[in-house]
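S.K.: sequence and computational prediction follow.
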Amino acid sequence: MSLLLALSSAAALQGADTVHYRLYKFERAVGEERDSIVRSPAGDTTRTHFQFSDRGTAVPLEATLVTAADGTPSALTARGRTSRSSGIDVSIAVSGAGAVVRRGADTLRATPSAPWFTSVGYSPVIGQEALVRYWLDHGRPRRISLLPAGGVTITERGLDTVPVAGGTAVLRRIGVRDLVCGRETLWLDSGRHLVALVTRDAEFDHFEALADGFEPALAAFVRRAAADEMSELAELNPGAGTPGDFALVGGTLVDGTGRAPLRDATVIVRGGRIAAVGPRSRVRVPRGMPQVNARGRTVMPGLWDMHAHAEQVDWGPLYLAAGVTTVRDVGNEMDFIVAMRDALRRGRGIGPRILTAGVIDGGGRNAIGLDTAATPEDGARLVDDYVAAGFDQIKVYSSLTPPVLAAIVAEAHRKHLTVTGHIPTGMTVYDGVNAGMDQVNHVSYIYDVARDSAFRRSAEHPVAPLDSARLERVAAFLAGHHTVVDPTVALYEQFFRPADVAATSVEPGIAKLPPPLAAQFAGLGVPAAAAAGARQRFEALLAVVRALHRAGVTIVAGTDQAVPGYSLHREMELYVKAGFTPMEAIEAATSVPARVMGLLAESGTVEPGKRADLIVVDGDPLTRIADTRNVRLVVANGRRYDPAPLWRSVGFEP
């Protein structure tokens, strides 16, 4: 069947005056985009109504794009929301060589350098089609500047044959870099109409859009995007990671066991494993083995991020550059994360080792993802599906009912998997742990049962303080049940930051982010009227972490959707602020996660026989925990990486 015949119906729809896309989040249908296109010899005017519902929150956007006959933008307006937590109000008017850009109440004049286009991110979908058409019609330039900020790189990635009703379609696969932070993939039909988009939304969650008729191929598009983006990342980093045996010589070793640091240490790495560890005076470096001078620096185990969402392949180099050699992904699209995980295992990409926790939610409008369980039988079946796909753990989410939660936990334990996750709505942390949950994500669930129930809100104290007796009781309960908690306080710190306080004052790494990502963090924070309450709430969360630690509750470091790479260091800094010693904070990001995941025998510390996951940092983290940020060398599974090229490969400043 010819390409033209295979796509006749879809192309006819896309070429008409109205265009329709089905919108998905985590491969779950959440809304739609309807575009009305008015064509004239002078150019096109496209008006968009874009709306989806994410976990019960509406995300609407109205946009208008006006282009000249050659596809060059002359005006763009966009107003509404781009995620549950971020809004947009932008207009761009082009006149001659200049443009007036309004963002909210702020207006500035800009003179874009050719070639250029206007864009406000991943949405509306039709805007991405217009951008790629502009690229095709203007000689496929290497880089296109964007108004109001940034720039984008577009590449042809190949052809894919996709099943459609009545046959197959051959589509052009296009890679787009830096429109959102990192990579996205879209497909064009023979008429250069966008029929599929695999990307991330403004809160970095998986997001897809499909033209009518292509919905059955959603999973195939997601898998193909993941595999191709991993390949592109490897193409852009040829030779990344130096293989081979070597010795780290002269550094101060903090081995992750809690033992005192070892000065002037030698670590021998052979065959991707740690072969020997000890004082340089006692450990002989084999003749001819390459040596890495670590004098004046600290050698540590590779870090673990125990609350990751690797929602794009670009996160892989970021984690490694920050010294994170293992992540536990606690909620993702199965099609995407399996493709990414397996590519890394086969050595076909760049990133840390990925451990996977399959997320299961209940049904209803507040559910997330495709894997939802309305009955105990559904829950048990989904556990079995994750086991078959090689997942390491199960994560439960907020919309589950108590009977379904109980069935999931029972089946997971039968299959020798532990259960982590959210406390479902209507339940408390006591209920979740009594139902068999082994671990809890987010310290807020513990704050919810530890606050003063008799508190009466006032202007000076708008947030309920902690009740010391309640806090001691819940901490003792969790310790007695050996419950593991990943607090994610670095993320809460971003949410509770006053909006008039620079984001870099909380997380200095934000200054090194590419513009699309930096803009998202700049938009976080609370208004001045709510700042006092937000500060009280955050201090209460730190107090809960302090109480849990004192009670002996196992705490592992994790970041959730915070600043990739950097926020794990901030998480450790906040643990020290909450009363951990620097050594305890380091263990919470190394040996403790390895023990929790049943991998301490082969990872998590710098000891002979273990996997060679190591970092070398400037400074002394036992004196100043922030020195963990100063990563100068990363060793992942025995391969050596220079962090600076990894940062640059995904648009970050080293």
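M.R.: Nice, thanks for sending it over.
S.K.: please make it C-alpha for all contacts and neighbour counts, starting now.
M.R.: Fine.
S.K.: distance check, the closest residue to residue 321 other than its chain neighbours against residue 236.
M.R.: Closest residue in space to residue 321, ignoring its immediate chain neighbours: residue 643 at 4.3 Å, by C-alpha to C-alpha, 6 or more residues apart in numbering. Distance, residue 643 to residue 236, by C-alpha to C-alpha, to the nearest Å: 15 Å.
S.K.: repeat that for residue 112.
M.R.: Distance from residue 112 to residue 236, by C-alpha to C-alpha: 27 Å.
S.K.: same thing with residue 652?
M.R.: Taking C-alpha to C-alpha, one finds residue 652 at 14 Å from residue 236.
S.K.: between these two, point out the one with more neighbours.
M.R.: residue 652 (20 against 11; other C-alpha atoms under 10 Å).
S.K.: surely the more buried one meets residue 514?
M.R.: Yes: look at residue 652 against residue 514 with C-alpha atoms under 8 Å: they come within range, at 5.6 Å.
S.K.: tell me where the stretch 151-300 of the chain has strands.
M.R.: Assigned by DSSP state E, counting those that start in this stretch, the stretch 151-300 of the chain shows strands spanning 151-164, 167-177, 183-188, 194-200, 206-211, 246-253, 262-270, 273-279, 291-293, 297-301.
S.K.: okay, the ones you listed, which one's buried deepest?
M.R.: Of all these, strand 297-301 has the most neighbours on average by mean count of other C-alpha atoms under 10 Å, namely a mean of 28.
S.K.: and it, which strands flank it?
M.R.: strand 246-253 (parallel), strand 614-618 (antiparallel) (DSSP bridges).
S.K.: distance from the chain centre to the shortest one, please.
M.R.: Relative to the mean C-alpha coordinate of its chain, strand 614-618 is positioned 24 Å out (C-alpha atoms, centre = their mean, to the nearest Å).
S.K.: how big is the angle separating that strand from strand 273-279?
M.R.: Strand 614-618 and strand 273-279 meet at an angle of 40 degrees, taking axes from the mean of the first three to the mean of the last three C-alpha atoms, to 10 degrees as the criterion.
S.K.: other residues contacting the helix or strand just after strand 614-618?
M.R.: Proceeding N to C from strand 614-618, the next assigned helix or strand is strand 631-636, under DSSP states H and E. Here strand 631-636 makes contact (C-alpha atoms under 8 Å, 6 or more residues apart in numbering) with 302, 320-323, 325, 352, 612-618, 640-643.
S.K.: and the angle for strand 631-636 with strand 297-301?
M.R.: Strand 631-636 runs at 30 degrees relative to strand 297-301, counting by the same axes, to 10 degrees.
S.K.: gap between residue 447 and residue 29?
M.R.: Distance from residue 447 to residue 29, by C-alpha to C-alpha: 33 Å.
S.K.: same question, residue 350
M.R.: Residue 350 is 31 Å from residue 29, by C-alpha to C-alpha.
S.K.: higher neighbour count, these two?
M.R.: Remark: of residue 350 and residue 29, residue 350 carries more neighbours, 26 against 19, as counted by other C-alpha under 10 Å.
S.K.: quick one: residues contacting residue 312.
M.R.: So residue 312 contacts 182-183, 200, 226 (C-alpha under 8 Å, 6+ apart).
S.K.: so what's residue 325 closest to, chain neighbours aside?
M.R.: residue 352 (4.5 Å).
S.K.: assumed residue 479 was part of a helix.
M.R.: Yes: counting by DSSP: H, G, I helix; E, B strand; the rest coil, residue 479 is part of a helix.
S.K.: what sits against it?
M.R.: 548, 551-554 are the contacts of residue 479 under C-alpha under 8 Å, 6+ apart.
S.K.: so how far is the first residue of stretch 598-610 from its last?
M.R.: Distance across stretch 598-610, first residue to last, is 14 Å (C-alpha to C-alpha).
S.K.: which outside residues touch it?
M.R.: 255-257, 273-277, 300-303, 590-595, 611-614.
S.K.: rerun at 10 Å
M.R.: Contacts with stretch 598-610, where a contact means C-alpha atoms under 10 Å, 6 or more residues apart in numbering, come from 253-258, 267-270, 272-278, 299-304, 325-326, 392, 587, 589-595, 611-614, 637.
S.K.: before we move on, back to that, could you dump the contacts of residue 312 to TSV with distance to residue 648?
M.R.: Shown next, in TSV, are those (distance: C-alpha to C-alpha, whole Å):
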residue	distance to residue 648
182	12
183	14
200	20
226	20
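S.K.: and the least confident of those residues?
M.R.: pLDDT across the contacts of residue 312 is lowest for residue 182, at 85.
S.K.: residue 287: neighbouring residues, count only.
M.R.: Neighbours around residue 287, by other C-alpha under 10 Å: 6.
S.K.: show me the domain layout of the protein.
M.R.: The chain is divided into the following domains under automatic domain parsing: 3-236, 300-649.
S.K.: quick one: which of those domains is nearest residue 243?
M.R.: domain 300-649 (4.7 Å; C-alpha to C-alpha).
S.K.: now the end-to-end length of that closest one.
M.R.: 25 Å.
S.K.: and residue 493, what is it in contact with?
M.R.: Counted by C-alpha under 10 Å, 6+ apart, residue 493 has contacts 503, 506-507, 525, 534-535, 537-539, 541-542, 562, 570-571, 574.
S.K.: after the host helix or strand of residue 44 comes which helix or strand?
M.R.: Assessed by DSSP H and E, residue 44 sits inside strand 43-54. Beyond strand 43-54 on the C-terminal side, the first helix or strand identified by DSSP H and E is strand 57-68.
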